[in-house]
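J.: Sequence plus predicted model, see below.
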Amino acid sequence: MTRIGVVGLGKLGLPVAICLALRGHQVIGYDKDPSRMSVAALSPLERAPGGPGRLADLVEPSLPLTFSSLEDLVRGSDCVLVAVETPHSAAHEGITPLPDARADFDYRPLLKAVGDLVAVADRPMEIGIISTVLPGTVRRLVLPLLGDHRLVYCPQFVAMGQVASDLFGPEFVLIGRDQTGPSVVSEVLAGLSDAPVFDVGIETAELTKVVYNTFVSAKVTISNVVQQMAHETGADAGDVFRIVRAADRRLMGPAYIGPGMADGGPCHPRDNIALSWLMRTTGAGADLFGDLMRSRQAYVEWLGARFVELAGSLPLVLLGTAYKPGTDLRTGSSAQLLATLLQLQGAQVTVVHTSADLATTLAAEEPAAFFVGCPEPEFVRRNWPEGSVVIDPWHVVEPAEGVTVHRLGANGKSTQGDASDPC
């Protein structure tokens, strides 16, 4: 079994250390607060994996978990996991009225822990960071401290009180790193379960962690709003939730989660705008539905800005304005909204509404900047004029010789023939 050091024995780090030891790994724990360096510091509310019992009750004297100085931890470990908090101030923890000012996490405890660890390391090590950070933080602040040490960003998707169950039965294992090849941290975490392993870039892993939490917040907040509206309109919130939970294809499954244009169609935008009116007329407070529509428009405005930016001096051609493939309906289409916004800004853009219009659009046969607004097969799989630029928010256009393809949001994966051209 692997020798693992765990630095930071708070509400996450200590349960993680115990769980790793329960799986037979030789675990050494360290915390700058000596009172945490004991199994007795484990919260009595942490439950055993898969059962009602306490995690603490599974700890026996023979458990391969010890506590030591940082120097001894380094000497006795094959890899080190850092589970140090990245706190917010009380004003940004959601327990006081929301302030106007926003702030990043406080990374000083994490950076101090990593710096101290590197300072006493007598050989290159693999260091896994569990702490929650915003995208870009590890590369900007942590990597410069590491020198020859290898880093893996490996956030955990656990709930307090059930850390053991979530570690041994996760939905997936997330590994963020620059290096390829064997990884001790990856092998340890993947070995705790049969869950799929996603081995991705550091920034992708950072973003996935916080976005996962935001998806949970969005589900809870929408449920809150439904309950509030049910109270105001005479509907039964419990029945609404029971019915919505039965929608296991569109609402509770993977549908609608992926790259592409903004939400659209004859129903969704108009329904949200009408619900925004209802929220205002009932005096319900925050207008979630209006905020959704403002975010939708802001995203389309961002797409338009990237279209113009990446086009350079090439003429602009928008391919497809239907709200989805297989229809010519433009009602509620975010691609049509894109065309409208560009025209209002004075941009000269040729709009090819449907694939049938390709035959009569000369601009589509000359070098241009093409934006795929609707991923109809005729718009995606075509012979692009050499020297063209293709802006692909859907990530479906294949590389073509002499053509630069920008897959928006797929950083490092834009293509020009066989060459990489990040957007």
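T.: Right, received. Where do you want to start?
J.: Can you tell me how far Pro182 is from Thr204?
T.: 20 Å (CB to CB, to the nearest Å). Placement of C-beta: from N, CA and C, glycine included.
J.: ok, those two, which is more surrounded?
T.: Taking Pro182 and Thr204 together and counting by other CB atoms under 10 Å, Thr204 has the greater number of neighbours (15 against 8).
J.: Report pLDDT for that one.
T.: Reported pLDDT at Thr204 in the predicted model: 97.
J.: 832 is where my numbering starts, stick with that
T.: Okay, using 832 as the starting number, the last item reads as Thr1035.
J.: what's the closest non-adjacent residue to it?
T.: Nearest residue to Thr1035, sequence neighbours excluded (CB to CB, 6 or more residues apart in numbering): Gly1007, at 6.4 Å.
J.: Please report phi then psi for the one you found.
T.: Main-chain dihedrals, Gly1007, degrees, to the nearest 10: phi -120, psi 120.
J.: Burial check on it, number of neighbours?
T.: Neighbours of Gly1007 using other CB under 10 Å come to 24.
J.: next one: Gly1177
T.: Residues near Gly1177, counting by other CB under 10 Å: 6.
J.: Relative to Glu1140, how far out is it?
T.: 16 Å.
J.: ok, now Ala914?
T.: Counting by CB to CB, the separation of Ala914 from Glu1140 is 40 Å.
J.: same deal with Asp935?
T.: 27 Å.
J.: and stretch 1015-1026, how far apart are its ends?
T.: Stretch 1015-1026 has an end-to-end distance of 17 Å (criterion: CA to CA, to the nearest Å).
J.: and it, average pLDDT?
T.: For stretch 1015-1026, the per-residue pLDDT averages 97.
J.: Ok, stretch 880-895 next?
T.: 92.
J.: Mind listing what's buried along that stretch?
T.: Pro880, Leu886, Ala887, Leu889, Val890, Pro895 (16 or more other CB atoms under 10 Å).
J.: Same question for stretch 997-1008.
T.: Asp997, Leu998, Pro1001, Val1004, Leu1005, Ile1006, Gly1007, Arg1008.
J.: In CSV: those, plus secondary structure.
T.: Listed next are those as CSV, based on DSSP: H, G, I helix; E, B strand; the rest coil:
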residue, secondary structure
Asp997, helix
Leu998, helix
Pro1001, coil
Val1004, strand
Leu1005, strand
Ile1006, strand
Gly1007, strand
Arg1008, coil
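J.: ok, those residues vs Met832, which is closest?
T.: Leu998 (16.0 Å; CB to CB).
J.: quick one: the closest one and Thr1039, what's the gap?
T.: Taken as CB to CB, the span from Leu998 to Thr1039 is 17 Å.
J.: Name the single longest helix found in this structure.
T.: For the chain, the helix with the greatest residue count under DSSP state H is helix 1033-1064.
J.: Which is the succeeding secondary structure element to that one?
T.: Downstream of helix 1033-1064, the next assigned helix or strand under DSSP states H and E is helix 1068-1076.
J.: and the angle for that following helix with helix 1033-1064?
T.: Angle of helix 1068-1076 versus helix 1033-1064, following axes from the mean of the first three to the mean of the last three CA atoms, to 10 degrees, is 140 degrees.
J.: average pLDDT across helix 1068-1076?
T.: 94.
J.: Quick one: list the elements packing against that helix.
T.: helix 1033-1064 (3 or more CB pairs under 8 Å, 6 or more residues apart in numbering; DSSP states H and E).
J.: Packing partners of the helix it packs on?
T.: Using 3+ CB pairs under 8 Å, 6+ apart, helix 1033-1064 is in contact with strand 981-984, strand 1004-1007, strand 1028-1031, helix 1068-1076, helix 1099-1112, helix 1119-1142.
J.: possible to save those as CSV with distance to Asp931?
T.: Shown next, in CSV, are those (distance: least, CB to CB, whole Å):
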stretch, distance to Asp931
strand 981-984, 31
strand 1004-1007, 32
strand 1028-1031, 35
helix 1068-1076, 31
helix 1099-1112, 22
helix 1119-1142, 16
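J.: Comparing those, which stretch has the densest surroundings?
T.: Mean neighbour count, computed with mean count of other CB atoms under 10 Å, is highest for strand 981-984 among the helices and strands packed on helix 1033-1064, reaching a mean of 24.
J.: Check what contacts that one and list those residues.
T.: 955-960, 964, 969, 973-974, 1006-1010, 1014, 1016-1017, 1033, 1036-1037 (CB atoms under 8 Å, 6 or more residues apart in numbering).
J.: Low-confidence bits of the stretch 882-1031 of the chain, can you list those?
T.: Within the stretch 882-1031 of the chain, no stretch has pLDDT under 70.
J.: all helices for it, in order.
T.: 901-906, 939-951, 968, 974-977, 994-999, 1015-1021 (DSSP state H, counting those that start in this stretch).
J.: Pull the contacting residues for the residue lying farthest from the centre of the chain.
T.: The outermost residue of the chain, judged against the average C-alpha position, is Thr1191 (41.8 Å), by CA atoms, centre = their mean. By CB under 8 Å, 6+ apart, the contact list for Thr1191 is empty.
J.: dump the residue contacts of Phe1210.
T.: Leu1150, Gly1151, Val1183, Ser1186, Val1203.
J.: Among these, show me the least confident.
T.: Ser1186 (89).
J.: Tell me, how many residues neighbour that residue?
T.: Ser1186 has 18 nearby residues by other CB under 10 Å.
J.: I figured it hits Glu1207, correct?
T.: Yes - in terms of CB atoms under 8 Å, Ser1186 counts as a neighbour of Glu1207; the distance is 4.9 Å.
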